[in-house]
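Student: take this sequence and fold it.
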Amino acid sequence: MPKQKWLDIDFEYKGTNEAILDLVSVAFSDGENQRSIWLHNDPKKKAALKKILLHYRDLGYTIRCWSYNAEGQSLIALGINPITFPCIDLNVEYRMLTNHNDLLGYGKQVIDGRILKTYRKEYGDDKDKRRHDRTPTNLLAGTYKLLGKFTTSDYTNKNKMRDLILKTNVYSDEDKQSILDYGLGDIKDLEDIYNAQIKHFKRLLSKRELQSLHVQQLYRGESVARAALIASIGYPVSRQKVTAFTRNIPKIIQDVQEDINKQFPDMEIFKWKKKEEKYALFQKPIKEWIESSEYKNKWVKTASKDYSLALDAWEKHFSFRHEFPRGNFPAQFLRYLKLQQSLNGFKPKSVTAKNKDTFFSYYGSDDRAHPYLNAYGAQSARYQPKALGFIHLKAAWMRSLVEPKPGKAIASIDYVSEEFLISALVSKDQNMIKSYASGDVYLAFAKLAGSVPQNATKESHKLQRDRFKATVLAISYGMGAKGLANKLTVDTGVEHTQVEAQDLIDKFNAAYPEYSAWAFNIKNEYVEEGKINLPDGWMMFGDNDNQRSVGNMPIQGVGSCILRKAVELCQDAGLVVIIPLHDALYIEYDYDEEKACLELFKSCMRQAFAWYFEGQQKVQAFNLIRLDLDTWGPECKNKMYIDSRSTEEYKKFSKYFKD
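Tutor: Model (predicted):
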């Protein structure tokens with residue numbers, strides 16, 4: 001077997017909000033020779049570098065780097081498609097190695113330039129006050145954890161060089177040499193990091209798993225390259241709308257504050273400050289509400305032992321997401337907190353904020369947002385972009401800011417009840433498969449449970465259907481009877497007890513016995529095998545003591561594999577993918593080619609869903625999966641996208657999209 005030929009590489013660049021990065025320099029090594037080349041404002045050197053890199057590719061070299069998202073976008077800036085260059089992304093591999101692997105995930109870590117010790121927080125233990133930081137995955141942290149190499153000067157120099165690269169446009173000869181040397185420093189340990197990772201994989205994987213590791217690593221690198229292509233293309237955002245929206249944020253906040261005050265006049269939780277000419281939150285009536293509620297003994301407390309008013313404290317008890325019933329205080333206060341969260345990135349940053357990034361840090365001169373998609377960012381290998389540059393993770397009514405130019409259109413396809421069908425197929429539960437095939441899984445479950453007649457419809461038995469819908473969704477999240485009782489109460493507006501909730505869970509288990517047995521066995525197998533493997537090679541290792549998280553991983557993980565495959569098939573078919581989102585994909589196309597594009601899009605999505613199944617299951621997956629298609633654009637029937645869950649909110653706030 002021929003020896004693997006590696007090209008270790010690191011680019012320095014700026015302009016991450018643009019389609020084409022502004023390349024500053026590059027450092028690379030082929031194992032025998034290393035070079036560092038100045039590229040800034042030098043088209044001839046960039047053209048020469050392109051030829052050099054393509055020559056390496058043609059000779060069979062594989063890129064080895066810490067982030068192929070960054071290096072992939074840098075290749076795009078040179079005119080090279082990163083998908084065509086095989087790569088192993090050591091950052092993604094480190095993310096997988098630390099995915100519930102306490103040996104690497106905790107202990108001594110480099111955090112903000114210091115070596116600190118971190119500990120895994122036992123699930124449900126809120127009394128442990130030690131550091132539980134999420135595992136840092138930057139190059140400094142990875143180098144320290146894998147090789148034990150770190151000095152504070154490394155951290156200081158990294159920040160100094162980053163500021164120099166980003167904040168300067170004219171570089172002195174001394175600056176250039178410092179940046180060139182810095183680039184060489186970023187590639188010098190890549191070989192040792194790779195070898196250290198392989199040692200850990202040999203300890204954690206079976207011989208059979210090790211045989212396919214290299215191919216799976218290359219696939220992960222390719223998936224990151226595809227995410228880099230999506231980020232480079234970006235998605236269109238109306239400059240006029242986003243500019244007006246940003247300017248009107250104080251009015252939007254005031255609008256919601258006054259509306260909530262009107263709904264609860266006896267509380268008056270927002271008080272007008274005449275001097276500041278704005279409302280301020282009045283905490284006393286909110287804490288009195290918590291004190292008088294059934295949740296007070298379980299409410300999250302601050303360090304000063306007071307009731308927390310933070311969003312996560314409310315979300316522990318209430319599951320309102322896009323619809324917020326009027327007159328319901330927790331729903332309306334959650335609405336306010338979620339609005340503030342969604343406006344993050346559009347509101348001005350405080351002078352003391354450590355992270356100065358805003359939405360406009362990702363919004364380019366081409367009127368498109370170019371977000372970092374963070375491929376493999378979640379334990380289930382889902383994309384995990386930051387909401388700052390990703391409007392689709394903000395309030396649903398804000399999605400109407402995404403607007404194609406004349407002659408263009410956007411299409412999105414959602415897999416309908418995807419996790420339910422995945423669950424049915426992987427567990428081979430025929431009742432679940434039949435329920436999905438019926439077209440309404442929630443009503444089918446209610447009929448199987450004998451709670452509604454066989455001729456019941458969504459309209460004739462809405463309340464019952466809502467109860468069974470809440471149950472299906474809660475079980476897919478791994479909720480128990482207590483959580484389900486709360487969700488049922490919130491979703492239906494009718495008080496539900498834990499006994500009633502448990503009865504519904506029991507009915508689910510009776511209706512779908514094969515799935516229930518499979519879900520139970522998955523948790524036992526996880527303990528015995530010490531890992532969960534997804535069909536495209538991603539793994540979660542065995543130190544996760546959160547049973548809900550363990551139960552969620554296989555189904556969500558298969559969904560993440562399917563979405564990556566959908567991106568691959570669509571891009572290879574020539575479609576322009578602009579957004580991956582949970583179980584949906586978005587493309588942009590020329591409106592006059594709509595029919596052909598949409599047929600191709602649907603075909604790719606259907607093939608992707610069936611990809612990881614075999615035999616009869618593959619046929620069932622292809623034929624059964626339902627696709628929810630939306631299209632919008634200047635020439636389309638729907639001129640803009642208005643999420644059905646937020647129609648009322650859109651009507652209320654759309655006036656602020658105008659000058």
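
Student: can you classify Gln109 by secondary structure?
Tutor: Applying DSSP: H, G, I helix; E, B strand; the rest coil to Gln109 yields a three-state assignment of strand.

Student: my error: substitute Gly31 in the last question.
Tutor: Applying three-state DSSP: Gly31 is coil.

Student: same thing with the one 4 residues further on?
Tutor: In the three-state summary, Arg35 is assigned as strand, counting by three-state DSSP.

Student: right, and it touches Phe28 too?
Tutor: Yes: the criterion here is CB atoms under 8 Å, and Arg35 meets it with Phe28 at 6.1 Å. Where C-beta positions appear, they are placed from N, C-alpha and C, glycine not excepted.

Student: so these two - more neighbours on which side?
Tutor: Phe28 (25 against 14; other CB atoms under 10 Å).

Student: the closest residue to the more buried one other than its chain neighbours and Ile52, how far apart?
Tutor: Excluding its sequence neighbours, the residue lying closest to Phe28 (CB to CB, 6 or more residues apart in numbering) is Ile9, at 4.2 Å. According to CB to CB, to the nearest Å, Ile9 stands 11 Å off from Ile52.

Student: so between the two, which is more surrounded?
Tutor: Ile9 (27 against 14).

Student: okay, the host helix or strand of the more buried one in PDB with CA atoms only?
Tutor: Here Ile9, judged by DSSP states H and E, is contained in strand 6-14. Only the C-alpha atoms of strand 6-14 are listed here, as PDB (Å, rounded to 0.1, in the frame of the first residue of the first chain):
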ATOM      1  CA  TRP A   6       0.200  14.800   3.200                       C
ATOM      2  CA  LEU A   7       0.000  18.600   2.600                       C
ATOM      3  CA  ASP A   8      -0.300  20.500   5.800                       C
ATOM      4  CA  ILE A   9      -1.700  23.900   5.200                       C
ATOM      5  CA  ASP A  10      -2.900  27.100   6.900                       C
ATOM      6  CA  PHE A  11      -4.200  30.300   5.400                       C
ATOM      7  CA  GLU A  12      -4.400  33.700   7.000                       C
ATOM      8  CA  TYR A  13      -7.200  35.900   5.700                       C
ATOM      9  CA  LYS A  14      -9.900  38.400   6.500                       C
END
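
Student: starting at the chain centroid, how far to that strand?
Tutor: Counting by CA atoms, centre = their mean, to the nearest Å, strand 6-14 is centred 25 Å from the centre of its parent chain.

Student: just checking, Gly74 touches Asp22?
Tutor: Let me fix one detail, which is that residue 74 is Ser and not Gly. No: assessed by CB under 8 Å, Ser74 is found out of contact with Asp22, at 10.2 Å.

Student: common neighbours of these two, please.
Tutor: Tyr13 (CB atoms under 8 Å, 6 or more residues apart in numbering).

Student: the two - which one has more neighbours?
Tutor: Set side by side, Ser74 and Asp22 show more neighbours around Ser74, with 26 against 16, by other CB under 10 Å.

Student: tell me what the strand or helix carrying that one is packed against?
Tutor: Assigned by DSSP H and E, Ser74 belongs to helix 68-78. Here helix 68-78 touches strand 6-14, strand 22-29, helix 43-58, strand 87-89, helix 213-233, going by 3 or more CB pairs under 8 Å, 6 or more residues apart in numbering; DSSP states H and E.

Student: which SS state does the residue lying closest to Cys604 once chain neighbours are set aside fall under?
Tutor: Of all residues not flanking Cys604 in the chain, Leu569 sits nearest, at 4.1 Å (CB to CB, 6+ apart). Under three-state DSSP, the three-state class of Leu569 is helix.

Student: how about the contacts made by the spatially most central residue of the chain?
Tutor: The C-alpha lying nearest the average C-alpha coordinate of the chain belongs to Gln384 (CA atoms, centre = their mean; 2.2 Å). Listed by CB under 8 Å, 6+ apart, the contact set of Gln384 reads 374, 377-378.

Student: what segments of the stretch 401-550 of the chain are strands?
Tutor: Using DSSP state E, counting those that start in this stretch, the strands of the stretch 401-550 of the chain run over residues 408-415, 531-533, 539-541.

Student: and the helix or strand of the chain with the lowest mean pLDDT, what does it pack onto?
Tutor: One helix or strand of the chain scores below all others by mean pLDDT, DSSP states H and E: helix 481-492, with a mean of 80. Here helix 481-492 touches helix 462-477, helix 498-511, going by 3+ CB pairs under 8 Å, 6+ apart.

Student: just put those in JSON lines and tack on mean neighbour count, mean pLDDT and distance to Asn169.
Tutor: As requested, the helices and strands packed on helix 481-492 are exported to JSON lines (neighbours: other CB atoms under 10 Å; pLDDT from 0 to 100; distance: least, CB to CB, whole Å):
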{"stretch": "helix 462-477", "mean neighbour count": "20", "mean pLDDT": "87", "distance to Asn169": "49"}
{"stretch": "helix 498-511", "mean neighbour count": "17", "mean pLDDT": "91", "distance to Asn169": "61"}
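
Student: make JSON lines from these and add distance to Pro82 to it.
Tutor: Formatted as JSON lines, the helices and strands packed on helix 481-492 follow (distance: least, CB to CB, whole Å):
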{"stretch": "helix 462-477", "distance to Pro82": "35"}
{"stretch": "helix 498-511", "distance to Pro82": "45"}
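
Student: and these: which comes nearest Tyr307?
Tutor: Comparison of those against Tyr307 by CB to CB identifies helix 498-511 as nearest, at 23.6 Å.

Student: quick one: that closest one to chain centroid distance?
Tutor: The answer for helix 498-511 is 31 Å, by CA atoms, centre = their mean.

Student: just checking, what packs against it?
Tutor: Looks like helix 498-511 contacts helix 441-448, helix 462-477, helix 481-492 (3+ CB pairs under 8 Å, 6+ apart).

Student: okay, now the domains of this structure?
Tutor: 6-96+151-232, 234-365+643-659, 404-429+515-639, 444-511 (automatic domain parsing).

Student: a markdown table for these, including distance to Thr118?
Tutor: Output for the domains of the chain, formatted as a markdown table (distance: least, CB to CB, whole Å):
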| stretch | distance to Thr118 |
| --- | --- |
| domain 6-96+151-232 | 16 |
| domain 234-365+643-659 | 19 |
| domain 404-429+515-639 | 13 |
| domain 444-511 | 25 |
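
Student: out of those domains, nearest to Gln109?
Tutor: domain 6-96+151-232 (12.1 Å).

Student: what mean pLDDT does that closest one have?
Tutor: Computed over domain 6-96+151-232, the mean pLDDT rounds to 96.

Student: so who does the residue nearest to Gly389 when sequence neighbours are not counted touch?
Tutor: Of all residues not flanking Gly389 in the chain, Tyr362 sits nearest, at 3.1 Å (CB to CB, 6+ apart). Tyr362 makes contacts with 16-17, 369-372, 388-389, as judged by CB under 8 Å, 6+ apart.

Student: cool, and Thr246?
Tutor: Phe346.

Student: may I ask which helix or strand encompasses it?
Tutor: Here Thr246 is assigned to helix 239-247, by DSSP H and E.
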